[in-house]
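Trainee: fold the following for me, if possible:
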Amino acid sequence: MTDAWWKSAVVYQIYPRSFADSDGDGMGDLRGIIQHLDHLAGLGVDVLWLSPIYPSPQDDNGYDISDYQDVDPLFGSLEIFDELLAAVHERGMKLVMDLVVNHSSDEHPWFVESRGSVSAAKRDWYWWEPAREGMEPGTPGAEPNNWGSVFGGPAWEFDPGTGEYYLHLFSRKQPDLNWENPAVRSAVHEMMRWWLDRGVDGFRMDVINFISKVPGLPDGPVPAGSAYGDGSASFLNGPRIHEFLHEMYEQVVKGREALLTVGEMPGVTVEQAKLYTDPDREEVDMVFQFDHVWADRGPDPWALQRLKLTDLKAIFGRWQAGLADLGWNSLYWNNHDQPRVVSRYGDDGEFRVESAKMLGAVLHLHRGTPYIYQGEEIGMTNYPFGGIGDFRDIEALGQYAQAVEEGRDPEDVLTVLRARGRDNARTPMQWDTSPHAGFTTGTPWLPANPRYPEINAALATKDPDSVYHWYRRLIELRHTEPAVVEGDFTMLLPHDEQLYAFTRRLGPTELLVIGNFSGTPARAELPDPAAWSSAELVLNNTAQPPADWVLGPWQAVVYRREVTA
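Mentor: Numbering: from 1, shown residues only. Down below sits the predicted model:
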């Protein structure tokens, strides 16, 4: 793991069903991506990450895979994928696939065979268990343990055909693969090699720290007000996870040049991330942690809580310090599972452009590899959802049903889903002012955000002061200023509730980054402001530079100086 080209790279995530539709069926597809590659090349990104395009019943929008070695006709074909891959490489970019191997679809041939009988050859490719001792199979409470599913309801589904239950940490149509079985691991490795041989440049690994389970799958504690136990202690960062990831490296990655591997790992700690990303351990290049996107969550999941900036700084500061000498950070605000950051941590009204730029600057200038989610580069906002009928996401629908069943006020639940629901990220990419934001000539699978006439790529690329061109300049700075990639990180003003400030230093070059996370002016009480009096103002997202270090609403500035002493 010596080729660390990805340290200076910027990754752009594409959610294919919502990116661009080339044939008018209302669903994004591979040809739609091909048609818009110049938008991404112009932005300057280095890597494209595709959310799943594999054949799937689409119970969880493709994260329930029924064939790991093909393309769903919704998106195109393997031949069109090869065209896309070639076009990406021609533009000097790389392409990373989504690897979803904690679970498959229940329509995958592996699971179809597994559920055929208790003696099926692939029975132990999945987690099958009998009912609790003394309980009638299939009756309430007879599940093998008390775990709840991430998507609501129990984590076990009864199979009348064999009289046993199978484990599904997510949808009942997403049975968990049994990684204890070496045949499962071997099949996954073979599939990964197949894609790499085709020319892809790496993998983003979906909930990869779920694949090792504690033997016996014991009951978990039951949170107050919940009908189900929390089994996470038995499947987050389980006992064999490091063994499994190192084996994957040995069998798949080793000897291949210039790949990127990133593991999505909910609940991972800094100390665990050091182990996962230590190059000498040969596991993954970087991890996605969730601490900063859970910073505005309180103990009650159905009560919104405002972001406290000092909490966010403490989280980022801990990760920057923890991985300063060993391992590597991934940096993101948005993805297909998160609401739009300008609506979440910014101001999507009067100061939408300013706050989108500020959030981009603060994130990208930390130490780590930045990820941009489609539409983030034009400042897309959350969607104005009405009732539960407006939502499509299986997680939102399942959690709503469970919360209401447990006695929650439906309007309280909807308030949280409108702000935090995953569908906010999945509305169509806003390309221009034509119907449906130029995403499709047909009826889109999810309506376009009604703000698309003012927020779209066509307008953004023409406006030199747009969010798009701000992101382009951020990426250019990363590519040309070594201090952005390798510089030391020092947090400033850790107790300030309005301003986020830090420095990055490499050799004599030092950068100062300040962002105002509020709609009111704020003065930066720097420890040595005189030292920056003659510094170069590299980036400023407003018309005027700060006077006496007073930043305007949602202002972001980046200074550079050469330190002589």
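
Trainee: for the most centrally placed residue in the chain, which non-adjacent residue is closest in space?
Mentor: Central residue of the chain (C-alpha atoms, centre = their mean): Asn335, 4.0 Å from the mean position. Of all residues not flanking Asn335 in the chain, Tyr373 sits nearest, at 5.1 Å (C-beta to C-beta, 6 or more residues apart in numbering). All C-beta atoms are positioned from the backbone trio N, CA, C, and that covers glycine.

Trainee: what is the neighbour count of the one you found?
Mentor: Counted with other C-beta atoms under 10 Å, the neighbours of Tyr373 add up to 23.

Trainee: any idea how far it is from Leu177?
Mentor: Distance from Tyr373 to Leu177, counting by C-beta to C-beta, to the nearest Å: 27 Å.

Trainee: show the contacting residues for the residue nearest to the centre of the chain.
Mentor: Residues near Asn335 by C-beta atoms under 8 Å, 6 or more residues apart in numbering: 13, 288, 371, 373, 425.

Trainee: next: Glu113.
Mentor: Shown in contact with Glu113 (C-beta under 8 Å, 6+ apart): 120-122.

Trainee: now the strands for the stretch 401-550 of the chain?
Mentor: Listed in chain order, the strands of the stretch 401-550 of the chain (DSSP state E, counting those that start in this stretch) span 488-492, 499-506, 509-516, 522-523, 536-540, 550-551.

Trainee: tell me the most buried of those strands?
Mentor: For those, average neighbour numbers computed from mean count of other C-beta atoms under 10 Å are highest in strand 509-516, which has a mean of 24.

Trainee: can you give me the angle that one makes with strand 536-540?
Mentor: In terms of direction (axes from the mean of the first three to the mean of the last three C-alpha atoms, to 10 degrees), strand 509-516 departs from strand 536-540 by 40 degrees.

Trainee: got the CA coordinates for strand 509-516 in CSV?
Mentor: Extracted in CSV, the C-alpha atoms of strand 509-516 (Å, rounded to 0.1, in the frame of the first residue of the first chain):
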residue,chain,number,x,y,z
THR,A,509,4.3,27.4,3.8
GLU,A,510,1.4,27.9,6.1
LEU,A,511,-2.3,28.3,5.2
LEU,A,512,-4.9,29.9,7.5
VAL,A,513,-8.5,28.8,6.9
ILE,A,514,-11.4,30.6,8.6
GLY,A,515,-15.2,29.9,8.1
ASN,A,516,-18.1,31.8,9.7
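
Trainee: these two touch, right, Arg560 and Thr509?
Mentor: Yes. Contact status for Arg560 versus Thr509: in contact at 6.8 Å, counting by C-beta atoms under 8 Å.

Trainee: which strands or helices does the helix ranked longest in the chain pack on?
Mentor: With DSSP state H setting the assignment, residue counts place helix 182-198 as the longest helix in the chain. Applying 3 or more C-beta pairs under 8 Å, 6 or more residues apart in numbering; DSSP states H and E, we find helix 182-198 packed against helix 241-248.

Trainee: helices or strands up against whatever helix or strand comes next after the helix it packs on?
Mentor: Per DSSP states H and E, the first helix or strand lying C-terminal to helix 241-248 is strand 260-264. Counting contacts by 3+ C-beta pairs under 8 Å, 6+ apart, strand 260-264 is packed against strand 94-99, strand 202-205, strand 286-288.

Trainee: contacts for the longest one, please.
Mentor: Judged by C-beta under 8 Å, 6+ apart, the contacts made with strand 94-99 from elsewhere in the structure are 11, 46-52, 63, 84-85, 88-89, 192, 195, 200-206, 208, 258, 260, 262.

Trainee: quick one, what contacts Val150?
Mentor: Counting by C-beta under 8 Å, 6+ apart, Val150 touches 169-170, 395.

Trainee: most neighbours of all those, which one?
Mentor: Tallying neighbours with other C-beta under 10 Å puts Phe170 at the head of these, with 25 neighbours.

Trainee: was I right about it contacting Trp147?
Mentor: No. At 11.8 Å, Phe170 does not count as touching Trp147 under the criterion of C-beta under 8 Å.

Trainee: just to revisit the earlier point, okay, and the common contacts of Arg560 and Thr509?
Mentor: Residues within reach of Arg560 and of Thr509 at once, by C-beta under 8 Å, 6+ apart, are 481, 483.

Trainee: re earlier: relative to Leu307, which of the strands of the stretch 401-550 of the chain is closest?
Mentor: Of all those, it is strand 499-506 that lies closest to Leu307, at 11.2 Å by C-beta to C-beta.

Trainee: pull out the buried members of the contacts of strand 94-99.
Mentor: Buried members of the contacts of strand 94-99, counted by 16 or more other C-beta atoms under 10 Å: 11, 46-52, 63, 84-85, 88, 192, 195, 200-206, 208, 260, 262.

Trainee: quick one: pLDDT of the residue located most distally from the centre of the chain?
Mentor: Distance from the centre of the chain peaks at Gly134, with 42.5 Å (C-alpha atoms, centre = their mean). pLDDT for Gly134: 93.

Trainee: please, where are all the helices along the stretch 201-350 of the chain?
Mentor: 241-248, 270-277, 309-322, 341-344 (DSSP state H, counting those that start in this stretch).

Trainee: deepest-packed of those, please.
Mentor: Most buried of those, by mean neighbour count (mean count of other C-beta under 10 Å): helix 341-344, with a mean of 24.

Trainee: what comes into contact with that helix?
Mentor: With contact meaning C-beta under 8 Å, 6+ apart, helix 341-344 is reached by 296, 307, 333-334, 338, 348, 352, 355-356, 359, 376, 379-382, 419-420, 424.

Trainee: and if we set it to 10 Å?
Mentor: Outside helix 341-344, the residues that touch it by C-beta atoms under 10 Å, 6 or more residues apart in numbering are 293, 296, 307, 332-334, 338, 348-349, 351-360, 363, 373, 375-376, 379-383, 418-420, 424-425, 455, 467, 554.

Trainee: just the ones of the residues you listed in strands?
Mentor: Tyr373 (DSSP state E).

Trainee: restricted to helices, list the contacts of helix 341-344.
Mentor: Per DSSP H, helices hold the following members of the contacts of helix 341-344: 352-360, 363, 418-420, 467.

Trainee: now render these as TSV, adding distance to Phe439, pLDDT and neighbour count.
Mentor: Below are the ones in helices among the contacts of helix 341-344 laid out as TSV (distance: C-beta to C-beta, whole Å; pLDDT from 0 to 100; neighbours: other C-beta atoms under 10 Å):
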residue	distance to Phe439	pLDDT	neighbour count
Arg352	20	98	21
Val353	22	98	23
Glu354	26	98	24
Ser355	25	98	30
Ala356	20	98	32
Lys357	24	98	30
Met358	28	98	29
Leu359	24	98	25
Gly360	23	98	28
Leu363	26	98	22
Arg418	22	94	21
Ala419	24	92	15
Arg420	23	92	18
Val467	19	98	26
